[in-house]
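Chemist: With the sequence up front, the predicted model follows.
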Amino acid sequence: MNTTKGRFAIIFLFIIVLAGVWFMFLRTSGMGTAEVVEVLEGKWQRSDGPYTIEIIEILEEGKMNAAYFNPGPIHVGRSGWRVKDDVLEIFVELQDKNYPGSVYELKFDDETGQLEGKYFQAVSRQTYNVVFIKQ
């Protein structure tokens, strides 16, 4: 038996499975980048205080540049967007003093025009329901 063919088959199968997972979970549905830019870019203020997410730039493939203020700047480690089940979602992960690994996971509500979701405050290990309104 040729072990090279067997290895090739396993690698090929792995690539097919990986592509299927990407297509099912990371694809951007019917909303294109231009529509996402129109909806998301700008400043969003949390309804319960001076906390602001500024979405500076929407990029292809679910990437974005974002800033966070409370009210001073807090370093954003990672941020991104996707459309899942026709719902626009974003995440913003903070990496700064008192915020290491704190994460916003928000969904855009078409009816209200707001970003709604959860904020996980890593230091206190608590999760809060939050709403952001575009300024």
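Modeler: Nice, I can see it.

Chemist: From now on I want contacts and neighbour counts done on CA atoms only, so please keep to that.
Modeler: Fine.

Chemist: which residue sits closest to Y119, ignoring its sequence neighbours?
Modeler: Excluding the flanking residues, the one nearest Y119 by Cα to Cα, 6 or more residues apart in numbering is Y104, at 4.5 Å.

Chemist: Mind listing the residues bridging to the one you found?
Modeler: Beta-bridge partners recorded for Y104 (DSSP bridges): V92, Y119.

Chemist: correct me, but G80 touches V92?
Modeler: Yes - taking contacts as Cα atoms under 8 Å, G80 lies within contact range of V92: 6.8 Å.

Chemist: Compare those two and say which one has the larger neighbour count.
Modeler: For G80 versus V92, the count of surrounding residues by other Cα atoms under 10 Å is larger for V92: 25 against 19.

Chemist: and that one, what is it in contact with?
Modeler: 66, 76-80, 103-105 (Cα atoms under 8 Å, 6 or more residues apart in numbering).

Chemist: quick one: pLDDT of it?
Modeler: Model confidence at V92, given as pLDDT, is 98.

Chemist: just to revisit the earlier point, compile the contacts of V92 into JSON lines and extend it with columns for pLDDT and distance to A122.
Modeler: As requested, these are exported to JSON lines (pLDDT from 0 to 100; distance: Cα to Cα, whole Å):
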{"residue": "A66", "pLDDT": "98", "distance to A122": "19"}
{"residue": "V76", "pLDDT": "98", "distance to A122": "14"}
{"residue": "G77", "pLDDT": "97", "distance to A122": "14"}
{"residue": "R78", "pLDDT": "97", "distance to A122": "15"}
{"residue": "S79", "pLDDT": "97", "distance to A122": "16"}
{"residue": "G80", "pLDDT": "96", "distance to A122": "19"}
{"residue": "V103", "pLDDT": "98", "distance to A122": "8"}
{"residue": "Y104", "pLDDT": "98", "distance to A122": "11"}
{"residue": "E105", "pLDDT": "98", "distance to A122": "13"}
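
Chemist: and these as JSON lines, adding distance to I53?
Modeler: Converted to JSON lines, these look like this (distance: Cα to Cα, whole Å):
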{"residue": "A66", "distance to I53": "7"}
{"residue": "V76", "distance to I53": "10"}
{"residue": "G77", "distance to I53": "13"}
{"residue": "R78", "distance to I53": "13"}
{"residue": "S79", "distance to I53": "11"}
{"residue": "G80", "distance to I53": "13"}
{"residue": "V103", "distance to I53": "12"}
{"residue": "Y104", "distance to I53": "10"}
{"residue": "E105", "distance to I53": "12"}
